[in-house]
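Trainee: Sequence first, then the predicted structure:
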Amino acid sequence: MVAKKMMAMNLMVLMMMAMVVNEVRASEIFDVERGEKEGIGSCAKECAIKCLPHISPPRIVICTAFCIIACKLNPPPAIFDCTTGCANSIIKTYNPTEARKIDSIVGSCYETCKNNN
């Protein structure tokens, strides 16, 4: 039972990292075409180093999502705090395990907070 749970967690982390790598590659190509030197790639690298020590895969996803928002979008503190509170509240309530759901929750909270402020 423990081995199956560990394997499932490892697969979830691998899927999340694959999604991040694909987004980084796509955005770096787009950024190079626009003539920008740095894009989400540099943020993702910093965030991966910062967030990988978290043990729980859902916590790695949450940390990475917040970190990329803070790094790339650089929102005002009120919007970032609102996003953090909103996402943590929803995640604690529903306890999603799928990386895409967690990322979607954080993105939705960010958009709501940005539109309300």
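Mentor: Nice, thanks for sending it over.

Trainee: going forward, measure contacts between C-alpha atoms and count neighbours the same way
Mentor: Fine.

Trainee: what about residue 65, neighbour count?
Mentor: By the criterion of other Cα atoms under 10 Å, residue 65 has 22 neighbours.

Trainee: If we ignore the residues flanking it in sequence, what's nearest it?
Mentor: The spatially closest residue to residue 65, leaving aside those adjacent along the chain, is residue 103, at 6.3 Å (Cα to Cα, 6 or more residues apart in numbering).

Trainee: burial of the one you found, as a residue count?
Mentor: Neighbour count for residue 103, taken as other Cα under 10 Å: 19.

Trainee: separation between it and residue 90?
Mentor: 12 Å (Cα to Cα, to the nearest Å).

Trainee: By mean pLDDT, which helix or strand of the protein comes out lowest?
Mentor: Using mean pLDDT, DSSP states H and E, helix 2-34 stands out as the lowest-scoring helix or strand of the chain, at a mean of 58.

Trainee: For the protein, which residues score under the pLDDT cut-off?
Mentor: Scanning the chain for pLDDT under 70 picks out the ranges 1-41.

Trainee: what's the following helix or strand after the helix or strand where residue 65 lies?
Mentor: For residue 65, the enclosing helix or strand under DSSP states H and E is helix 57-68. Sequence-wise, the next helix or strand downstream of helix 57-68 (DSSP H and E) is helix 77-94.
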